[in-house]
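Visitor: no letters, just coordinates:
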């Protein structure tokens, strides 16, 4: 075995120390340039009814500088994150909405430079269901994950109805409807009262009788009123059997009149001119 030179052992120990110092120096140098970027989002999925507004909470911690940038993007269910489509950008102090959701998307805090990057989406539709990505970039602060994922489900409004046929008295009672989904549960009650059809027919017949009685009563009232008004009117015409005091006997002209002498009690007719002359000639003349 060849003898070992005493300087060789000291050289090896010094080399190992030099490598350790270099490693420590490199670690310190790599960690020194910036702070860590940390993004926080809800862990539980979100659910919102259709037509309502949804707030997708996102917060971050970093030292905001001139290179700060925020991006919200969306990916449909079942697709990879790499297929996400942008919703809006914030960079260089300006907000840039983009894509099909641009008119309905906004930031809860604008500018988002105080640690809040929450996205507000109005009038959500079933097509808005999917994964939303909140990503913060702030070079050189990018030594941790600056990405947060939020799953949103938009619930459709579904209606239902219960149809009952051949109703009978046994269907009368209280009916309760219960609906349950991710948002919770709700219920409503409805009271149904079924009447006997025979009672309906009897009621209809009774109403018909009452109407007939009413019509007859009105007709009788009108008739009695007419008779009463007729009795109050004076007689203006006479029948063939009626005898008037001023009537002319047959064969008597209009110039002759029959006078009733109340003192003698009989009817006296004035003599005509011819009869008066004849009578005068038969009487003796007195001087």
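Guide: Cool, the structure landed. Quantities reported herein were computed from a predicted structural model and do not represent experimental measurements.
Visitor: quick check: bridge partners of residue 106?
Guide: residue 120 (DSSP bridges).
Visitor: isn't it up against residue 112?
Guide: No. Residue 106 lies out of contact with residue 112 (Cβ atoms under 8 Å); the separation is 10.9 Å. Backbone N, C-alpha and C define where each C-beta goes, glycine included.
Visitor: of those two, which one has the most company?
Guide: residue 112 (22 against 15; other Cβ atoms under 10 Å).
Visitor: tell me the SS of the more buried one?
Guide: coil (DSSP: H, G, I helix; E, B strand; the rest coil).
Visitor: how close does it sit to residue 69?
Guide: 10 Å (Cβ to Cβ, to the nearest Å).
Visitor: between those two, which contacts overlap?
Guide: The contact sets of residue 112 and residue 69 overlap at residue 90 (Cβ atoms under 8 Å, 6 or more residues apart in numbering).
Visitor: contacting residues around residue 190?
Guide: Residue 190 sits in contact with 174-177, where contact means Cβ under 8 Å, 6+ apart.
Visitor: check residue 147 too.
Guide: Taking Cβ under 8 Å, 6+ apart as the test, what residue 147 contacts is 39, 133-136.
Visitor: among those, which pair sits farthest apart?
Guide: 133 and 136 (10.8 Å; Cβ to Cβ).
Visitor: more neighbours, the two?
Guide: residue 136 (27 against 22).
Visitor: now the helix or strand hosting that one: buried residues?
Guide: For residue 136, the enclosing helix or strand under DSSP states H and E is strand 130-137. Applying a neighbour-count criterion of 16 or more other Cβ atoms under 10 Å, one finds 130-137 buried in strand 130-137.
Visitor: just these now: which is nearest residue 84?
Guide: Of the buried residues of strand 130-137, the one sitting nearest to residue 84 (Cβ to Cβ) turns out to be residue 133, at 5.5 Å.
Visitor: ok, what's across the strand from the nearest residue to that closest one once chain neighbours are set aside?
Guide: Spatial nearest neighbour of residue 133, chain neighbours left out: residue 73 (4.6 Å); criterion: Cβ to Cβ, 6 or more residues apart in numbering. Assessed by DSSP bridges, residue 73 has beta-bridge partners residue 86, residue 133.
Visitor: so residue 73 sits against residue 87, correct?
Guide: Yes. Taking contacts as Cβ under 8 Å, residue 73 lies within contact range of residue 87: 5.9 Å.
Visitor: give me the common contacts of the two.
Guide: Common neighbours of residue 73 and residue 87 (Cβ under 8 Å, 6+ apart) are residue 132.
Visitor: now do the helices in the stretch 51-200 of the chain.
Guide: 197-232 (DSSP state H, counting those that start in this stretch).
Visitor: so where is it shaky, pLDDT-wise?
Guide: 142-143, 182-183, 196-200 (pLDDT under 70).
Visitor: redo that, cut-off 90
Guide: 61-68, 92-93, 113-114, 137-146, 155-172, 175-190, 192-200 (pLDDT under 90).
Visitor: residue 50 and residue 122 touch, don't they?
Guide: No. In this structure residue 50 lies outside contact range of residue 122 using Cβ under 8 Å: 12.0 Å.
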